[in-house]
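# Need the 3D shape of this:
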Amino acid sequence: MNDPKLLKGIISDQDVLRVLKHMQLAKVDYAKNITKYTEIRMDVVNNCLKYLKEIDAVTIYRNTSVKRTAAKLKKSSEVHKHHTYYSITKTGTGLLNDITPKLYLETMDISALNIFLRKEIVPEDYVLREELIKFWIIDRKGKITPTGEEIFKEGLRIGVLKR
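Below is the predicted model of the structure:
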């Protein structure tokens with residue numbers, strides 16, 4: 001199991017988590033393409049990749065060409081590199097495997113989740129709204145996300161949340 005402090009840092013920064021999830025899907029990719037798929041600004045993607053490289057979750061892909069067998073989102077069968085390509089490491093895959101709904105429940109302020117037991121959309125003036133957005137439990141419009149759905153199911157299952 002990975003360092004709990006590191007995991008909590010990753011789930012509280014949704015840009016890093018989305019880039020890491022993208023890398024798991026793509027296997028090998030470059031910053032501009034990650035920007036296109038995740039809709040995160042290029043400078044933010046570059047910062048995320050730098051951070052993920054520091055914690056050994058991604059590494060620079062050193063081959064001279066990229067084949068579709070390595071880069072799952074490539075459209076052509078083989079491409080000569082014109083960018084800095086990154087690939088996910090075993091550490092990165094392990095981090096994603098350790099990020100579970102239970103980890104969210106341990107990390108978050110549980111009282112922030114109780115509002116959903118009474119309402120479909122979180123009101124704009126709700127005190128813990130930013131907490132829910134930070135952990136991608138709700139989107140900016142206040143609606144629950146797929147991540148939020150998983151966390152609520154787990155919270156109800158283990159008895160942390162009650163209807």
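# Which parts of the chain are strands?
Ranges of strands in the chain, per DSSP state E, are 28-30, 58-60, 65-67, 78-80, 85-88.
# ranking the ones you listed by mean pLDDT, which is last?
The minimum mean pLDDT among these belongs to strand 78-80 (a mean of 57).
# which residue packs closest to M108, ignoring adjacent ones?
With sequence-adjacent residues excluded and distances taken as Cβ to Cβ, 6 or more residues apart in numbering, M108 is closest to F135, at 5.8 Å. C-beta here means a position set from N, CA and C on the backbone, and glycine is covered the same way.
# Quick check: pLDDT value at the one you found.
85.
# and it, how many residues sit next to it?
Per other Cβ atoms under 10 Å, the neighbour tally for F135 reads 24.
# ditto for D109
Neighbour tally, D109, other Cβ under 10 Å: 11.
# Just list the residues touching it, thanks.
Contacts for D109 (Cβ atoms under 8 Å, 6 or more residues apart in numbering) come out as L128, E131.
# Kindly provide the distance from it to I137.
11 Å (Cβ to Cβ, to the nearest Å).
# Same check on E39?
For E39 relative to I137 (Cβ to Cβ), the value is 19 Å.
# Between the two, which is the more surrounded one?
Taking other Cβ under 10 Å, E39 and I137 do not tie; I137 has more neighbours (24 against 8).
# Can you check the pLDDT for the closest residue to that one other than its chain neighbours?
Distance criterion Cβ to Cβ, 6+ apart; nearest residue to I137, sequence neighbours excluded, is G148 at 3.9 Å. With respect to pLDDT, G148 scores 88.
# contacts for stretch 40-51?
D15, V16, R18, V19, L20, A31, K32, I34, T35, T38, V58, Y86.
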